[in-house]
Structure formats: structure tokens, C-alpha cells
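Engineer: Can you look at this prediction? I've put the sequence above it.
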Amino acid sequence: MDNFDKISFATALILATQATRLIPLIFREQLEKLLNFGFIKNHLGDLIIFFLIIYCYRDFSFTNEYLLRLTVGMVVFTVQWVKGNSLMSIFLGTALYMGARIFI
């Protein structure tokens with residue numbers, strides 16, 4: 001990679017970063033209407049839980065080890081979520097899943 005390529009790549013990164021930071025400021029009203037931030041504010045906890053569940057499936061396989069960790073994490077998460085303690089279910093379900101990943 002010569003100097004021109006390095007400068008071009010750095011310039012493209014800088015412009016892309018600045019665009020992603022400036023576009024929401026320029027089109028604020030249109031984005032608020034389009035995205036309906038009230039929905040996101042009301043359901044933020046559920047969205048976090050959803051993304052944590054998706055994160056657990058990122059390296060899915062049918063090995064016994066993986067299925068055991070996934071089952072333990074999901075059972076703990078589900079029991080606590082049904083009881084209404086969603087913050088504890090996030091921490092404990094994630095901790096058990098990752099702990100089982102290290103020790104099993």
C-alpha cells in the first residue's frame with residue numbers, strides 16, 4: 001500500500017465518521033418522526049435482553065458443550081425474566097453463559 005492509498009483510506013474513514021456524527025444533527029426532526037424514539041425509550045430493557053439473546057447465538061453449534069451452556073443460561077434468564085427481575089436476569093444469565101464457556 002503506497003502513500004496515496006493510505007491517505008485515501010484515512011480520508012474516507014474521516015469523512016464517514018464525520019458524516020455519521022453530523023447527519024443526526026442536521027436531520028433531527030425527520031429522524032425523530034421516522035424512528036419514533038418514544039418506543040425505544042419505553043422498551044429499552046426488552047431491546048437489551050433481545051440483543052443479549054442474539055449475542056448468545058453468534059457461534060451456534062450442535063456440540064454437547066455448547067448446548068449445555070446455552071441451556072443453562074437460557075433457563076436462568078427465562079426464570080428470572082418471568083419473575084420480573086429483568087436486570088438480574090441479564091447479569092446472571094450472561095455470567096452463567098460466559099462462565100460455562102470458560103470452565104466447561
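Structural biologist: Here it is on my side, so go on.
Engineer: Give me the domain ranges for this protein.
Structural biologist: As assigned by automatic domain parsing, the chain contains the domains 1-35, 41-104.
Engineer: highest average neighbour count across the ones you listed?
Structural biologist: Comparing the domains of the chain by mean neighbour count (mean count of other CB atoms under 10 Å), domain 41-104 comes out on top with a mean of 13. (Each C-beta comes from the backbone N, C-alpha and C, glycine too.)
Engineer: tell me the mean pLDDT for that one?
Structural biologist: If you average the pLDDT over domain 41-104, you get 75.
Engineer: Please work out the average pLDDT along stretch 21-29.
Structural biologist: 81.
Engineer: Which helix runs longest in the chain?
Structural biologist: Of all segments of type helix in the chain, defined using DSSP state H, the longest is helix 3-26.
Engineer: tilt between the helix or strand just after it and helix 3-26?
Structural biologist: Toward the C-terminus, helix 3-26 is succeeded by helix 28-35 as the next helix or strand (DSSP states H and E). Counting by axes from the mean of the first three to the mean of the last three CA atoms, to 10 degrees, helix 28-35 lies at 80 degrees to helix 3-26.
Engineer: Output helix 28-35 as CSV - backbone C-alpha positions only.
Structural biologist: Listed next in CSV are the C-alpha coordinates belonging to helix 28-35 (Å, rounded to 0.1, in the frame of the first residue of the first chain):
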residue,chain,number,x,y,z
ARG,A,28,-33.1,15.7,13.7
GLU,A,29,-36.8,16.4,13.2
GLN,A,30,-37.1,13.9,10.3
LEU,A,31,-35.3,11.2,12.3
GLU,A,32,-37.4,11.7,15.3
LYS,A,33,-40.6,11.2,13.2
LEU,A,34,-39.1,8.2,11.4
LEU,A,35,-37.6,6.3,14.3
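Engineer: Packing partners of it?
Structural biologist: Of the remaining helices and strands, none touches helix 28-35 by 3 or more CB pairs under 8 Å, 6 or more residues apart in numbering; DSSP states H and E.
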